[in-house]
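Engineer: Quick check, what structure comes out for this input:
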Amino acid sequence: MTGEQFTCIHKKHPMSSPNSSRFPLWIFMGIFLFLAGVTALTVWLIYRPHKPHFSVVGASIYNLNTSSPSFISTNMQFTVITHNPNSRVSIYYERLSAYISYHNQAITPAVELPPLFQEQHSTVVVSPILGGDDLSVSPDTTNGLQVDQSYGVVALRLVLLGELRWKAGVFRSRRYVIYVKCEMFVGFKKGCFGQVPLLGSPYCRVDV
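Structural biologist: So this is what the prediction gives:
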């Protein structure tokens, strides 16, 4: 066979192609991510937490001294009910504080409340005592309170500020800031101290 030349052609085996080995892996990853997304969505729909409900059901005013134009002395107590509407999720309240404001002016110092834990579909009652001596305020605030007392109706806002975490089974969420504003009108005249009536239905807005 002199003079003849042979050319060897090397054929690659189909299984040796890098693309053919990666293709099943991408299919597997796609199926895995799809199932993980469906599972996460299902869990979220079952355990998604709803914001707690707050309401003011009682009020007492033991002192409200506005004789000084730039200072105020107060001593008040409010009964607040918080309800957890979730059937599968509990709530932890942490660093919760409360104060009273009048026309966006704080008229009591913030008082820290103890940590609270709410089971599913449970209700907790708190009755913080709020007040302080010689709290600095604007003259408009003392004048407005004096005018409202003369009419016998005082507009107040109870503010609750803190953090909460939701708990579902053994899992706990990260901390979320909770901000509660309860608008109310109380029947109060100067010199009449003690339990005061809540006029109308106080409304509490809850932001988380």
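Engineer: Now do the helices in this structure.
Structural biologist: Per DSSP state H, the chain carries helices over the ranges 18-47, 139-151.
Engineer: Which of the ones you listed has the lowest mean pLDDT?
Structural biologist: Per-stretch mean pLDDT for the helices of the chain is lowest at helix 18-47 (a mean of 62).
Engineer: burial of the closest residue to G144 other than its chain neighbours, as a residue count?
Structural biologist: What sits nearest to G144 in space, not counting adjacent residues and going by CB to CB, 6 or more residues apart in numbering, is H103, at 6.1 Å. Just so you know, the C-beta spots here come from the backbone N, C-alpha and C atoms, and that holds for glycine as well. By the measure other CB atoms under 10 Å, the count of residues near H103 is 14.
Engineer: any weak-confidence spans in the chain?
Structural biologist: Residue ranges of the chain with pLDDT under 70: 1-23, 28, 32, 34-47.
Engineer: in it, which strand has the most residues?
Structural biologist: Secondary structure of the chain read by DSSP state E shows that its longest strand is strand 153-168.
Engineer: Show me what that one is packed against.
Structural biologist: If contacts are counted by 3 or more CB pairs under 8 Å, 6 or more residues apart in numbering; DSSP states H and E, strand 153-168 sits against strand 71-83, strand 90-102, helix 139-151, strand 176-187.
Engineer: Can you get me the start-to-end distance on stretch 113-127?
Structural biologist: Length of stretch 113-127, first residue to last, CA to CA, to the nearest Å: 10 Å.
Engineer: Next, the buried residues of that stretch.
Structural biologist: Of the residues in stretch 113-127, L113, L116, Q118, V124, V126 count as buried by neighbour count, 16 or more other CB atoms under 10 Å.
Engineer: is it true that G194 touches Y62?
Structural biologist: Yes - judged on CB atoms under 8 Å, G194 makes contact with Y62 at a distance of 7.0 Å.
Engineer: Okay, and the beta partners of the most centrally placed residue in the chain?
Structural biologist: For the chain, the residue nearest the mean C-alpha position is I178 (2.5 Å; CA atoms, centre = their mean). Beta-bridge pairing of I178 under DSSP bridges involves G162.
Engineer: before we move on, what about W166?
Structural biologist: Judged by DSSP bridges, the bridge partners of W166 are I91.
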